[in-house]
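Engineer: model the structure of this input:
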Amino acid sequence: MSHPASSSASPSDGPRVPRPSSPAVPGAEVLYEEKLSPAWWMWLLVLLAGLVALVALAPVDLWVAGTAAVVVAGGTTVALLASTTSIVITDESLQVGRARIERRFVGQAEAFRGEDVRRVRGPELDGRAFMNFRVSVGPVVRIRITDPVDPTPYWLSSTRHPERVVEVLARHA
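Structural biologist: Have a look, this model is predicted:
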């Protein structure tokens, strides 16, 4: 079954080296793992938010402005960190954010980049699909769901390495 989730990514995040097991999937061999954390430029929003609070409240009182800037920057930091999720493919399951499905219900996967991303996220999007988009990650992968009792036709998720996700899912089908 699928459940909503969200994620984000940074340039240094990428496919992780396969390892015997993961805390998220005990006892399963991890075939692919990608942490979708905020891109480096998203952290500029933390600085900008704090600066806006500082400038807006500086005429009132510098102590209040400084405190507000720290609180706003801290809140923005927490929000960005809380939005971090992962894509984990094991020999037994696929997990995107909080959503997890058994591999036997995972069908064909397709990679999309550039203008194709706009098309599959826009005019061709099925409203029943599970969506996991990150503003800082352009490419997406569409993964068909074959579970006859799950009304979700596919999962559409941002990923920095859509071709690698497709390759791993196809090779270990």
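
Engineer: for the rest of this, base every contact and every neighbour count on C-alpha atoms.
Structural biologist: OK.

Engineer: pLDDT weak spots in this structure?
Structural biologist: The chain contains residues with pLDDT under 70 at 1-27.

Engineer: for it, which helix is longest?
Structural biologist: The longest helix of the chain (DSSP state H) is helix 62-82.

Engineer: what helices or strands is it leaning on?
Structural biologist: Where contact means 3 or more Cα pairs under 8 Å, 6 or more residues apart in numbering; DSSP states H and E, helix 62-82 is packed against helix 43-57.

Engineer: on that earlier part again, contacts for the very next helix or strand once past the longest helix of the chain, please.
Structural biologist: Going down the chain from helix 62-82, the next helix or strand is strand 85-90, by DSSP states H and E. Contact partners of strand 85-90, identified using Cα atoms under 8 Å, 6 or more residues apart in numbering, comprise 6-8, 25, 28-37, 94-98, 168-169.

Engineer: right, and the helix or strand after strand 85-90?
Structural biologist: Next along the chain after strand 85-90, taking DSSP H and E as the criterion, comes strand 93-96.

Engineer: list the strands paired with the helix or strand just after that next one, with their directions.
Structural biologist: For strand 93-96, the succeeding helix or strand toward the C-terminus, using DSSP H and E, is strand 99-102. Within its sheet, strand 99-102 is paired with strand 93-96 (antiparallel), according to DSSP bridges.

Engineer: now the partner strand: how far from the chain's centre is it?
Structural biologist: The gap between where strand 93-96 is centred and where its chain is centred comes out at 12 Å by Cα atoms, centre = their mean, to the nearest Å.
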